[in-house]
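Q: Pasting a predicted model and its sequence here:
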Amino acid sequence: MNLADTIRNIPDFPKQGILFKDITTLLKDKNAFRQAVDEMASKFKDKNIDKVVAVEARGFIFGGAIAHAIGAGFVPVRKKGKLPAKTSFVTYDLEYGSDTLEIHHDAIVEGEKVLIVDDLLATGGTVKAVTDLVKQLKGEITGIIFLIELTDLKGRDKLKEYPLEALIQF
């Protein structure tokens, strides 16, 4: 199955001029969802990954499933104030302003192999912030994987020091 065909385009969402890639149509199709998770997981099955780190919120959908498939632990990265224990954090710039992401301070043990997962690579700012969090905790980033990469936005350029995969490119 061509997974790109299962993704719906929503024009002018969330604002005028944006063509939103809606993955809910892929997620509701049990065969497409299984294929996406299986393909993403297969790229890292033999890499001895200790932890899968995924970004709130759509990254959790794929991150948990991939962690299960490859036998790794799952670590959520959340927006500021959402995690209950001691956290490490990073503040990063957005197009209009800034945001802060947090990870539990004890989520990664020094030297653990980490796979970062998210649904979509656009400008790369969010996942670049996640790489900074993993480095703060002294994890070893083994790879980064996305369901979708929007190639025109050149997010890959911010992440070029890491092995990076995307199942679908638009």
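A: All right, it came through fine.
Q: From here on, just use CA atoms for contacts and neighbour counts.
A: Will do.
Q: Once you drop chain neighbours, what's closest to the spatially most central residue of the chain?
A: Centroid-nearest residue in the chain, with C-alpha atoms, centre = their mean: residue 118, separated by 1.7 Å. Closest residue to residue 118 apart from its sequence neighbours, by C-alpha to C-alpha, 6 or more residues apart in numbering: residue 59 at 4.0 Å.
Q: Same check on residue 91?
A: Once flanking residues are discounted, residue 91 sits nearest to residue 100: 4.2 Å by C-alpha to C-alpha, 6+ apart.
Q: quick one: residue 19 and residue 145, what's the gap?
A: From residue 19 across to residue 145, the span is 22 Å (C-alpha to C-alpha, to the nearest Å).
Q: Settle it for me: which of those two has more neighbours?
A: Comparing residue 19 with residue 145 by other C-alpha atoms under 10 Å, the one with more neighbours is residue 145, at 25 against 14.
Q: Do you know the pLDDT at residue 95?
A: pLDDT for residue 95: 69.
Q: can you give me the strands in the chain?
A: 8-11, 19-22, 51-55, 73-79, 87-94, 97-104, 113-121, 140-149, 164-169 (DSSP state E).
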